[in-house]
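Colleague: below are the sequence and a predicted model; questions follow.
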Amino acid sequence: MHENFDFSVTDRILADHKCAQQLIIAILQDIQEHYRYLPREVFPYLAEKLDMSEARIYSVATFYENFSLEPKGKYVIKICDGTACHVRHSLPILERFRQELGLSENKHTTDDLNFTVETVSCLGACGLAPVIMVNDDVYSAMTPEKASELIKKLKEELANA
Amino acid sequence: MANKEFITVDGIPVPIEGEANLLEVIRKAGIKLPTFCYHSELSVYGACRMCMVENEWGGLDAACSTPPRAGMKIKTNTERLRRYRRNILELIIANHCNDCTTCKNNLRCKLQDLAMRYNIDGVRFPNTSGNARPKDESSDSISMDPSKCILCGDCVRVCHEVQNVGAIDFAFRGSKMSISTAFGKPLAESPCVGCGQCVAICPTGALVVKNHITPVWKAVDNPELKTTVQIAPAVRVAVGKELGVRDGENVMGKIVAALRLMGFDEVYDTSLSADLTVMEESAEFLERLEKGENLPLITSCCPGWIKYCENKHPELLSNVSSCKSPMQMFAALLKDRAKKNGEKMFHVAIMPCTAKKSEATREEFATDGCPDVDAVITTNGLIRMIKESGIMFDDLEPEAVDMPFGTISGAGVIFGVTGGVTEAVLRRVAATKTRAALLSVANKGQRGMEGIKEFDLEYGEKTLRIAVVSGLANAEKVIKRVKSGEHFDFIEVMACPGGCINGAGQPYIMHEERCERVKGLYEADRLLSVRCSDDNPVISELYENVIGDRAHELLHVHYKKK
């Protein structure tokens, strides 16, 4: 067990869900909400507390696209690549974000853990295509130029924080 | 019988007699419906779709996951179904590494078998098995080759449901899905106990037992090495089918003859060291009983169980008997003798078990850095070696094992079946050893293939509570009860359901055949003139001249909390 890891958050989340095995997805969601990803340390801990195998929890965590085993940035940029956004040129926008932040298909998060860029299959806002989300904010009718501006703005926000 | 319900299978009425699913009814009707993911002893998964049948409206149902209903009319063999099954097989093969001739599971593969049954003579899709993760050779017992996995999930379910180990599960989804440990860690770093039940159930060569035949041949060929071999009790009733004799028939004599022909210098029977285990374990049990400490005593013969206990219940290690397993006891005695005589010895153990391969490499069982058992060969490995030697097994004249460890007792032989260790100990502690007394010991409740057997035993003025479990999920149930305060005096645990006769190193069999093997062992026991370990003259001889006051060093071990 990892002795340096603070399990108090996990304990609270487990208590919220009454340590119920069948609520594993909800438990993982809450953990992810707190850490912005699923830290590896919690897996053996959850396995013991929930009396289920670590392999099974890993199975659940890797099945759903929404769970991340890698730490994510402060700003998670989700670029919609559903049909409507795709035909309205979402890919150049994605390219621009990656270019601006030095990311690629295999590298989603910047080393300073400020930005994560990922694609999603549909945000359900096709009328606003091409659409992206930064954390909980929606940005509509995006272009590569707007993407560059947005990054600039977000970086300023970070600098002023 | 008036209200019997029927379904019609290919035009023939078949009664429903409490079957849980259509597949069982169809198989009862004598039709061998193809399956990969269905196992009567596991939960229903319904993934492989090979058992599809056509209903009277032309719809398709997976027989394994459809409950039988009265009046159903189904067809199992139409052109459409054959075409579907061929399609599924083609898709599976397109995702499968087809190196059949060099595969360790060659000729034991269900995929091979079904491809032949359904006349697959070509695959229209490009092969994608190259994208799979690399092989995992980290475990001493099991190797895992994801490029041969067909994702039937049998291994996952046996590991969770039967063994409660949960070392592996599905990971990722869609085309990226694979069977994996948590975080894709090597199997050796996972909670895997090496029991190999996943290997036994795997329909392809994705999970196979580690093969240690090459170093054994090398040792046999080396004139400077004395090669000794011990044969575990369960092996003698399981080599049969593949070598042309009935499964369940005791062919110990032939195995001994075959091993001598292959060139082994000395051949022994592990039943002898099982007798030693009985002596030591009984003494330990009586001592604990007297002091009233560390009860229940839990048996220590099964290396899968030991590993499980270390992983999940390290606090119970003080309850586990300190006796080495019979395999390690024998090896310690032989290596000790070799050291005294200044001989170079290579010791081979032929075991029904895959976990024994890991046990042999444990540091507790090495003397001066050298393992006491140099190689563990499974029953399947032995069969391969016999075939490789070109020996006509069914023509062999049976031979006896070597002196000075030649006499065995029936108590040692029944170690190979669940309840055997318990019965052997009961015989040892029985006050009288008459025929009637032994018959009464046989009927206490330890025999039978149930996963959990419990009974009370009158011993002196006490009543002892005894449990006999096989299958680690069953062990877990009893352990939970122990932890919640229920009292037991003695618990026998075997990791494999039914005990060693159903070990993963043995040719794979279903439930009915297991009973044949059990019968074979009890018959071997009945035919021996020595039935109790303490009546075995070799044992008293060993204690007097070899073991003396070194029992602790040679026969005991202390597993430490990690």
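Modeller: Done, it's in.
Colleague: how close does residue A:46 get to residue A:17?
Modeller: 11 Å (C-beta to C-beta, to the nearest Å). To be clear about C-beta, it is placed using only N, CA and C from the backbone, and glycine gets the same treatment.
Colleague: actually, residue B:400.
Modeller: Taking C-beta to C-beta, one finds residue B:400 at 64 Å from residue A:17.
Colleague: which residues are in contact with residue B:416?
Modeller: If you count contacts by C-beta atoms under 8 Å, 6 or more residues apart in numbering or on different chains, residue B:416 has them with B:232, B:233, B:234, B:235, B:237, B:352, B:499, B:500, B:501, B:521.
Colleague: oops, could you answer that again for residue B:26 instead?
Modeller: By C-beta under 8 Å, 6+ apart, the contact list for residue B:26 reads B:9, B:14, B:33, B:53, B:63, B:74, B:76.
Colleague: residue B:507 too?
Modeller: Residue B:507 neighbours (C-beta under 8 Å, 6+ apart): B:238, B:239, B:241, B:242, B:247, B:379, B:380, B:383.
Colleague: after the helix or strand of chain B with the lowest mean pLDDT, which helix or strand is next? Please name it.
Modeller: Every helix and strand of chain B was ranked by mean pLDDT, DSSP states H and E. The lowest is helix B:435-442, at a mean of 82. Proceeding N to C from helix B:435-442, the next assigned helix or strand is strand B:452-459, under DSSP states H and E.
Colleague: can you count the residues close to whichever residue of chain A sits closest to chain B?
Modeller: Of all residues in chain A, residue A:53 sits closest to chain B, at 2.5 Å by C-beta to the nearest C-beta. Burial of residue A:53 is recorded as 23 neighbouring residues (other C-beta atoms under 10 Å in any protein chain shown).
Colleague: and it, what does it touch?
Modeller: A:47, B:160, B:165, B:166, B:167, B:169, B:182, B:191.
Colleague: pLDDT value on residue B:411, please?
Modeller: pLDDT for residue B:411: 88.
Colleague: mark which of the contacts of residue B:26 are buried, thanks.
Modeller: With burial judged by 16 or more other C-beta atoms under 10 Å in any protein chain shown, the buried subset of those is B:9, B:14, B:33, B:53, B:63, B:74, B:76.
Colleague: pretty sure the last one sits against residue B:34.
Modeller: No - using C-beta atoms under 8 Å, residue B:76 and residue B:34 do not qualify as a contacting pair, with a distance of 9.9 Å.
Colleague: residues of the helix or strand containing residue A:151 that come out buried?
Modeller: Using DSSP H and E, residue A:151 maps to helix A:144-160. Neighbour counts over helix A:144-160 (16+ other C-beta under 10 Å) mark A:144, A:146, A:147, A:150, A:151, A:154 as buried.
Colleague: again with stretch B:254-262
Modeller: Neighbour-count burial for stretch B:254-262 flags B:254, B:255, B:256, B:257, B:258, B:259, B:260, B:262 (criterion: 16+ other C-beta under 10 Å).
Colleague: contacting residues for the first one?
Modeller: What that stands for is residue B:254. Going by C-beta under 8 Å, 6+ apart, residue B:254 touches B:245, B:393, B:396, B:398.
Colleague: and it, helix, strand or coil?
Modeller: Secondary structure, DSSP: H, G, I helix; E, B strand; the rest coil: residue B:254 is helix.
Colleague: next one, pLDDT for it please.
Modeller: If you check residue B:254, the pLDDT there is 94.
Colleague: also the fourth one?
Modeller: As summarised for this prediction, residue B:257 has a pLDDT of 96.
Colleague: now the element after the particular helix or strand that has it in it, going C-ward?
Modeller: Element membership for residue B:257 (DSSP H and E) is helix B:252-262. Sequence order places strand B:266-269 as the next helix or strand after helix B:252-262, per DSSP H and E.
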